[in-house]
Each structure stands twice: as structure tokens, then as C-alpha cells.
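starting from these lines, generate the structure:
(2 chains)
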2 protein chains.
Amino acid sequence: MFWQDHESAVNESSKSSSKVYVLSLCMGSFLFLLMIAHPVWAGQGGSPQGHTDPFASIILALTGILIAAALGRGLAMKLNQPAVLGELVIGVVIGNVGYWLAEPVFVLIMYQTDMGALVKQAWTTGASLPETFSRVFDTEGLVSNSPIARLGDALSGPQAFMLVNIGAAFWMFSNLGVLLLLFLVGLESSPEEMARVGGQSAAVAVVGVVLPFTLGFLVALLFLPEASTVQHAFVGATLCATSVGITARLFTDMKRVDMPEAKVILGAAVIDDILGLVVLAVVIGLVQTGRIILSDLAITFFNAAAFLAVVLFFGQRCVRAAVPVFRFLDESNIKLIYPLCLCFFLAWAANIAGLAAIVGAFAAGLILSDRMFGSETPGSSVTQAMRPLGAVFSPIFFVVMGMQVNLETFASVEALGLAVALTLVGVAGKFVAGYAVRSGIDRATIGLGMVPRGEVGLIFASVGKGLGVLDEATFSAVVMTVVLTTFIAPLALRYRLRRSAVS
Amino acid sequence: MFWQDHESAVNESSKSSSKVYVLSLCMGSFLFLLMIAHPVWAGQGGSPQGHTDPFASIILALTGILIAAALGRGLAMKLNQPAVLGELVIGVVIGNVGYWLAEPVFVLIMYQTDMGALVKQAWTTGASLPETFSRVFDTEGLVSNSPIARLGDALSGPQAFMLVNIGAAFWMFSNLGVLLLLFLVGLESSPEEMARVGGQSAAVAVVGVVLPFTLGFLVALLFLPEASTVQHAFVGATLCATSVGITARLFTDMKRVDMPEAKVILGAAVIDDILGLVVLAVVIGLVQTGRIILSDLAITFFNAAAFLAVVLFFGQRCVRAAVPVFRFLDESNIKLIYPLCLCFFLAWAANIAGLAAIVGAFAAGLILSDRMFGSETPGSSVTQAMRPLGAVFSPIFFVVMGMQVNLETFASVEALGLAVALTLVGVAGKFVAGYAVRSGIDRATIGLGMVPRGEVGLIFASVGKGLGVLDEATFSAVVMTVVLTTFIAPLALRYRLRRSAVS
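Numbers count the residues shown, from 1 in each chain, chains lettered A, B, ... in the order given. All right, here's what the predicted structure looks like:
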């Protein structure tokens, strides 16, 4: 009914005339301009005695993002490309145009992580924001056009507080979006199905961590011979990440979540999250102390594994037991509020266990099923109740992800060689991992599904930068690799899925 | 299917055994404790190398609010009370228990407005937060248990940044919730229907502003003889406000949005927003300059009236013209994304025109209709697509509204007399306004529907406090009046609606 019908909508939409094209482009540009010009509007607007609601600028920006996402989806579908790619690309386009125009709101969204860290530090230390800013960044020899200078401008203008509010809102809504997406994907599966493919998922995950790590290590050794072993290891570690959001969304868009390949990928992504955690812990331990503290490592691993084990073995029973409670609380909303609470609660619990919040959201979807509610419960199905929420918020995640890709990174020639090499081994390593499964299911699909690094790769890279292990050029190369794998994967996977559907 | 089925669910839920009662209470208490204890958890949790996502604490708090809202709804239904009242009451209970325990997150939510203003000022002036705090509040002779001292503690603890994030998230989600609620209510009506009751709405609105203002002025004159005329006028102005959220929600819960009485109330609330704007402008003008600047007043009035006129006369045509654009963009989501964008956009535009954002959201719902999309469009109806969003977010608004009622206010004996008198004339003034309509529709229902002051009354009161017109005791009295009218209205209206349904 909603966003899962992209495939069928493609045929119908070819009816649309060129007049509509022009109209939509005009409207898109208009709203884009509006969004850009919007600090001006907000500054002028509002009669002095009227309601001047700071939420107003947030909802205008939200409107812009929702329209941008719809435009991206629409254009991608016209070009026969995956909808998620359209959202990412439109994000990259508006994010970078806005950044080049030095529009503060785009600068803040592109450097959301830095913004958050800065504000947090200002808060914690009790110092003022300008003070914190010059303490964190070397503002002495700052080039006026550098990202840091732009971030500083964006944070200190008269509209800064409103812009930070918008940045925070985007951060919240996109986080909500990716949780809902993974929850909806999890709903299409069950712990039993996941257990059935568990062995294969584990094989894919292990090969998909060992191989990219080794290859990444070797590439780093080759390109950065004078760097330390720890640095080589960190580059390798970055290639281990798997961002399952893109793959999950692509399978959802193409209505293939039911495929065994999809289950294997999702299982492997969950196991990957544990393995990635361990790899990151090892590498960070090496950086900080020069050695590996086994007890810390064991705790990290144990926490994550225990969370998954408890949820998968006892989860369904607990969830079923709590149904009568929610039925008592509010039966009419039970298929909406209860699943949502479960999703949020397990996302939080997963995070406490050291895993990504999306792993918890996926697990919540996994252990929940419509059967638990009984046939007499009002509302058709959990998926149907939750889908509008996912359809509104998950595109925000992908547009914002696109908006955080700074294309200037690709201007670094010295990083380009390393980036290309890393991308090649990054794709190859994960692709080969797909062949760790038994024959009978499409190994190429699995391999391609594991390729995108997405936000997980970016987190790894920014940890490395924060620790001082990755210098500016290496960091750029790693970010390029993350971006390239993220964009290659949906294209290739879509091609593969369409071909396998024909044959 | 979702939250509109409260009435029918009442009968079914009486099946639930006492065991379920106990279970639910246990679970409620457990989750409540969890929420309270949660800064501790968040502080301990997360292995040092894991994903430590600041979003995790937000989603845990969100889970708490969603469960609290469901508990409130459930208990209210068991006691045969309106669901919205249950959400408000549970908000008051957890908000005040948390506040008495001096739990920072509850303090921040209760003083959300002050928190926002403080952070904004710190940002704008470039000063540090502690500095701004002692500049805004007189921290010299601060009693350690006063609200300000608690707010200061909450803002400066080690978890402060995370708590402010939670506060900001609640602010965003509750704002989103009330917009979605008014949009959904607007969807049930059309500009033609509103025009038909326009004259009656105008009569109700005018009487409902003039009468409470006059009565409030007289009560203030009687109770505060030594205060200035401006102060008397400000107290009167506060009684003019109408918060349509509660009434709208109650009609929705009881499936009575179609009643002519509901249309008259909604129309009167919109006109009230303009009149309230003018009254507030006049009184603020008197406070600041001692006289009324007619040109400013004319601009204020013109902006608001022009917005409504443009939307109501040209809105439907524009909205229909844009349908093909969105059909081109993303047909499969058209009944979800387009309405949402329209709702957000008009809410922003209304705010720019000086009106409340919810007036814009309501207008968006008014001008949109399912007919515009044609019968071949996928998705059943706009209402059905949007309802899950409303069902998730609008209860957050009412719980948070409850959490911002500080029961300590009622401990002020000197304010109590004034509060009771103001409440009496506040209820009477709006109730009598209902009798401004022609016979044939239920005047008492209309009068009761206009009674709640809700967040609009609180905004008026806090403006008065900010300007120094309302002293602490008068402010407390006005806040009490707002709270009392807000709680009386749904009780009385529910009783009236049930009676009129029987006869």
C-alpha cells in the first residue's frame, strides 16, 4: 500500500506527461530555494506579538527533506533505479549544493557528528561555545573556506540556535527512521528462520570480516609503507563494517525480504556487528595501550553475545507474556504501540550491550509476530500499522546520510589511489564472503548485499580520526571507500536481483 | 482501527482479569523505575568500545512515555473516563513524582520552556551556560529546593547534555503530535462545512473572548485592588485563550467529529486564535509603551486574517493542482507524504502569519480531501494512512502537557482564592459563549468545548510573567485556572455528549 509498491508504481507512472516533469522540477527547485532561504524568512516572519514557535522552522526543514526524498525516489524509479539510491543521491546533491553555498543548515547537517560533539563538550565543561570551538579546533591558521571555518560560522550566526535545533531534529528523525526500517525488516522473519540460516550467516560474517581486514591491511601496507602496523590494521578494520540499512531497504523496495538470501544477509549483518565490535576493540586497544587487553575484549564479546542469546531464546516467550498487559492497557492500539515500545526498548538494550541500536530493533521485529495477538484483536497486522511510520521516517535517514557525504573529499588526489584500491578489495572481500554459503542460494546476491559500509564504516573511520590513527588523507580515502561501496552495492544488487528474477 | 476505537474497546476490555491488572501495574512501575533510574543505567552501560549512541537514552525515555500514555488511556477507559484525560493525569502523576524526587529529566520537562529559553540565550550571547543561568535567575538567595535551583542542578550534572537531548526530543515529538492531531481533525471537515457554521463560530468566538476578558478583568480588580489596570487586563486576556487540542481529541476519541457542534467549536477556536492574538497584542502594547499602536495591531490582524482567507479561498485549488506533481514524484506514498508535507508547510506558514502552528495544520486537513486523489490512487484513504502517526505522537503531547503541571502551584494559599474565582468566571464565560449560536444544536456542548485553556493559556501566562506584569502569586493563580479548566472540560463534555447520545 505504501512504500513497498515501488515496483508496481513504475509502470503506472510512465503515463505521466512531460508537463508534470516540468511542474515537479519547478516545485522542487522552489521548495529547495525556500529551504535555503529559510533562515531569512524565519528571521523576518512572525508578527512580534504572535506565536513565534521555534518548532516552525523545524517543520519547514522537515517538509523540505520529505519532498526531496519523494523527488529522489520518483526520479530513481523513472530511471529504473532503486528508490533508496535516489534518496541517497538527492541527499548528496542538495547537501553539497547547500554546502558550497555555505548555507549554515547544510554545513551543520554535513558535520552533524562534529556539531554534536562540540555542543556536548561545551555543555560538559561549562565553557562557552566559541571557547570550546577554538579549543577543539586549531582556529589560528584557519582557512576561511575550510569545513571547520564554515562550521564555526554556522554555529555562531544569529540564527545558530534555530539551525542547531533543525540539525538535532534531523538527527532524531533519521535515527528513528533507521530503527523503524530494521524493525519492519525483522518483522518479515522469525528466530526459527534465522536459526536455520545461522550457520551460513556465520560463515559469511566470518569470511566477510577476515578477508576485507587482511586485504585492507595489505593495501595499506602497500600504499602507506611508512605508516605503523596499527595504522594498517585500522584501515583494515574499517573495511570489516557492514551497513545493513541499505540492503534491507533495497530488499524491502523490491519485495524480496522473504528470499533465503535476505535472511542470510541479515543474520550475517547481526553477527558482523559483534565481530566488528571485537575488531574495533582490538584495534583501539592496540592504539591506546599498544597491546590487547583480553579481559576487556571478553567482556565486550560476552555482553553482545549474551544480549542476542537472551533475546533469541527467551524473547518470544517474554513478548507473548506481555501481550495481555498491553491488551489491558490499550487494546485498540496494541498492534501499533506495543511493537513500537518493544522496538525502542530492545534498541536501547542492544546499545547498552555495546551493539548497534538497529540490531536491537531488528531483533524486536524478529521475535514479534502477528500470531501472538490472536485473531480477535483489532487492526489488521503489525506491519500494516507500523508501515506509515517507516515510510515517513526511513527516507529521512537516507537523505540525511547523503547530505553528510562531502564531495570535496574526492578532490584529494593523493587519497584517490588508496581509495580506489580499498574500494576494490572492500567490494571483493565482501563479495567473496558470499561464496562461503552452500550452493542452492544465490551467492552473488549475498556477497553484494554485504558490500555497503554506510554509516557503520563512517563511525569506524571517525573513531580512527579521533584517535589520531588516520591522518587527513587516509581518512578521506576511507570515507571515499565507504561512499563508493555504499553507492555501488544497491546498483549491483538491483541488477543481480532483477536478473535472478528473470532466469 | 487504531485510537478511535476506544468506545468499542471498553466493552471488550472488561473481560480482562484482575491478574492482568496486577501484571500491568507491576510492569508499569518497573518501567517507571527504569525511566527514573535511567541516567544511572546509561552512565554505566555500553562497553567502552561499543556503539554508544546518544539516541539510545532518547528512545528509552520515549518508550516510557508511550507506555505511560497507554497506561493512562487504559485506566481512564476502565473508569469510563475520556482517554485524553487519562493521558493528562498520568502525565501529572509521573511528572510530579519525578519532580518531587528531583529527578533531573522530570525537572527539565516540567520547565521545558525555561530550559529552551536559557539554552537559547546562552547560545545567542556566546556566554557559558552556568554564566547565563546566574544572569537570568537571581542565584544569590536561592533556596536549595526551589524549582530554579532544581533546574540549575538538572542542567549542570554530568548527564545534563543527555537529559537536555531527551527534553528536546519530547518537545519535538509532542509538537509533532498536536500538529498531527489537528490535521486529522481537519481532515474530517471541509471549508464548505466550516463556512456554513462560520457565522455561528464567529459569534461563539467573539462572546468567548469578550465575556471572559470582562469577567477576568473584574475578578482581578476585586482580588488585586492595588494592582494596575494593565495587570487586571492581562489576567482578563489570559482567560480569552482556547486550547482546541483537548476538545478535538475528545471528539475524535468519541467519534463525534462529524457533529455540527464540533464544527462550530473548531471554527470558533480558529477565530479565537486571531482574536487572542489581537488581545495579546493590545495588552502587550499597553505594558510596553503604555498605549496601543494601531498600525502594529492592524498588521497583526491583517496577517492572520489574510493567511486564513488565502488558504480557505485558494487552498483547495492549489492543493488539487499539486496532486499531479506528487503523483509524479512518488505515487505509492501520495496519501501519506503529500498530506504530511501540506500539514507541515501550512503549520509553518500559519506561524509566519503570527497564528498558532496548529491552526495551519487544521487548515491543511480542512482543504485536503480524498476525492482529490482519484479512485485509482493506491492506498485506502489519507486518514487511514496518517492515523498511526497521530496515534503514536499525539498521546506524547498530552502526557508531556500533564508532566508540565507543577502541583506545588496549588500549595499557594493566597493564589487559591483568585484561582477559584478565575476558574469560575473562566468556565462561565466560555460556557455562556456557547449560547451565542442559534437553537437546534447543543449550545451546552459548544460552551463546554471552548472551556479548556491548555497550552495556549500557559503561553499567555508565561508571556505575562516574562513581561513582569504577573507577579508570582497571580501567575500561580492563572496557571491553576488553566489547569482546572483543562481538566474540567473533558469530564463535563464527555458527560454532556453521552447524555445527548442517549436522548
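
I figured residue A:181 hits residue A:248, correct?
Yes: using CB atoms under 8 Å, residue A:181 is in contact with residue A:248, at 6.1 Å. Every residue, glycine included, has its C-beta placed from N, CA and C.

buried set for the host helix or strand of residue A:322?
Here residue A:322 sits within helix A:294-330, counting by DSSP states H and E. For helix A:294-330, burial by neighbour count (16 or more other CB atoms under 10 Å in any protein chain shown) applies to A:296-297, A:299-301, A:303-304, A:307-308, A:311-312, A:315-316, A:319, A:322-323, A:325-330.

just these that are near chain B?
Among the buried residues of helix A:294-330, the ones lying near chain B by CB under 8 Å from any CB of the partner chain are A:296, A:299, A:300, A:303, A:304, A:322, A:325, A:326, A:327, A:328, A:329, A:330.

can you tell me how far the fifth one is from residue A:346?
Shown here: residue A:304 relative to residue A:346, a distance of 13 Å by CB to CB, to the nearest Å.

can you check residue A:75 too?
36 Å.

show me the helices in the stretch 251-400 of chain A, by range?
A:260-289, A:294-330, A:334-352, A:357-367, A:382-403 (DSSP state H, counting those that start in this stretch).

okay, the ones next to chain B among the buried residues of helix A:294-330 in a markdown table with pLDDT and distance to residue B:131 next?
Output for these, formatted as a markdown table (pLDDT from 0 to 100; distance: CB to CB, whole Å):
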| residue | pLDDT | distance to residue B:131 |
| --- | --- | --- |
| A:296 | 77 | 39 |
| A:299 | 83 | 41 |
| A:300 | 80 | 40 |
| A:303 | 84 | 40 |
| A:304 | 84 | 42 |
| A:322 | 85 | 47 |
| A:325 | 82 | 48 |
| A:326 | 82 | 47 |
| A:327 | 83 | 52 |
| A:328 | 80 | 50 |
| A:329 | 78 | 45 |
| A:330 | 78 | 46 |
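
name the nearest residue to residue A:275, sequence neighbours excluded.
residue A:209 (4.6 Å; CB to CB, 6 or more residues apart in numbering or on different chains).

element containing the one you found, please.
helix A:198-223.

name the residues of that helix that are buried.
Those would be A:198, A:200-213, A:215-217, A:219-220, A:223, for helix A:198-223 by 16+ other CB under 10 Å.

which bits of the stretch 201-350 of chain A sit near chain B?
A:277, A:280-281, A:284-285, A:296, A:299-300, A:303-304, A:322, A:324-333, A:336-337, A:340-341, A:344-345, A:347-348.

of residue A:75 and residue A:346, which one has the most company?
residue A:346 (30 against 21; other CB atoms under 10 Å in any protein chain shown).

who are the contact partners of the more buried one?
By CB atoms under 8 Å, 6 or more residues apart in numbering or on different chains, the contact list for residue A:346 reads A:311, A:360, A:361, A:363, A:364.

thinking the first one is in contact with residue A:362, fair?
No: applying CB under 8 Å, one finds residue A:311 not in contact with residue A:362, separated by 10.1 Å.

so how far is stretch A:105-125 from its chain's centroid?
A distance of 18 Å separates the centroid of the chain from that of stretch A:105-125, by CA atoms, centre = their mean, to the nearest Å.

may I have stretch A:75-83 as PDB, with CA atoms only?
Taking Å, rounded to 0.1, in the frame of the first residue of the first chain, the C-alpha atoms of stretch A:75-83 are listed here in PDB:
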ATOM      1  CA  LEU A  75      13.500  10.200 -10.300                       C
ATOM      2  CA  ALA A  76      15.200   6.900  -9.400                       C
ATOM      3  CA  MET A  77      12.100   5.000 -10.400                       C
ATOM      4  CA  LYS A  78      11.800   6.800 -13.700                       C
ATOM      5  CA  LEU A  79      15.400   5.900 -14.400                       C
ATOM      6  CA  ASN A  80      14.700   2.300 -13.300                       C
ATOM      7  CA  GLN A  81      17.000   2.600 -10.300                       C
ATOM      8  CA  PRO A  82      16.400   1.600  -6.700                       C
ATOM      9  CA  ALA A  83      14.400   4.100  -4.700                       C
END
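
buried stuff in it?
Buried, per 16+ other CB under 10 Å, within stretch A:75-83: A:75, A:76, A:77, A:81, A:82, A:83.

how far is that stretch from where the chain is centred?
Counting by CA atoms, centre = their mean, stretch A:75-83 comes out at 20 Å from the chain centroid.

so for it, mean pLDDT?
Stretch A:75-83 carries an average pLDDT of 83.

just stretch A:101-116 next, same as before
Here the average pLDDT along stretch A:101-116 is 84.

that one and chain B in contact?
Yes: using CB under 8 Å from any CB, stretch A:101-116 comes into contact with chain B via residue A:116.

contacts for that stretch?
A:35-36, A:38-39, A:61, A:94-95, A:97-99, A:147, A:150-151, A:153-155, A:157, A:159-160, A:163-164, A:166-167, A:170-171, A:400, A:403-404, A:406, A:462, B:54.

can you pull the buried residues of it?
A:103-112, A:114-116.

and those residues, which is closest to chain B?
residue A:116 (7.1 Å; CB to the nearest CB).

that closest one sits in which helix or strand?
With DSSP H and E as criterion, residue A:116 is part of helix A:112-125.

could you do residue A:168 as well?
helix A:160-187.

low-confidence ranges, the stretch 101-250 of chain A, go.
Low-confidence regions of the stretch 101-250 of chain A, defined by pLDDT under 70, span residues A:138-145.

if we use 80, what do you get?
A:113-114, A:117, A:122-149, A:153-160 (pLDDT under 80).

domains in chain A, by residue range?
As assigned by automatic domain parsing, chain A contains the domains A:3-42+A:55-171, A:180-502.

of all residues in chain A, which one is nearest the centre?
Centroid-nearest residue in chain A, with CA atoms, centre = their mean: residue A:455, separated by 4.6 Å.

wait, what's in contact with it?
Here residue A:455 is in contact with A:243, A:245, A:401 (CB under 8 Å, 6+ apart).

and the first one, how close does it get to residue A:401?
Distance, residue A:243 to residue A:401, by CB to CB: 9 Å.

please identify every residue contacting each of the two.
A:454, A:455.

what sits closest to residue A:323 if chain neighbours are left out?
residue A:372 (5.4 Å).

wouldn't the one you found be in contact with residue A:319 here?
Yes: between residue A:372 and residue A:319 there is a contact under CB under 8 Å: 6.6 Å.
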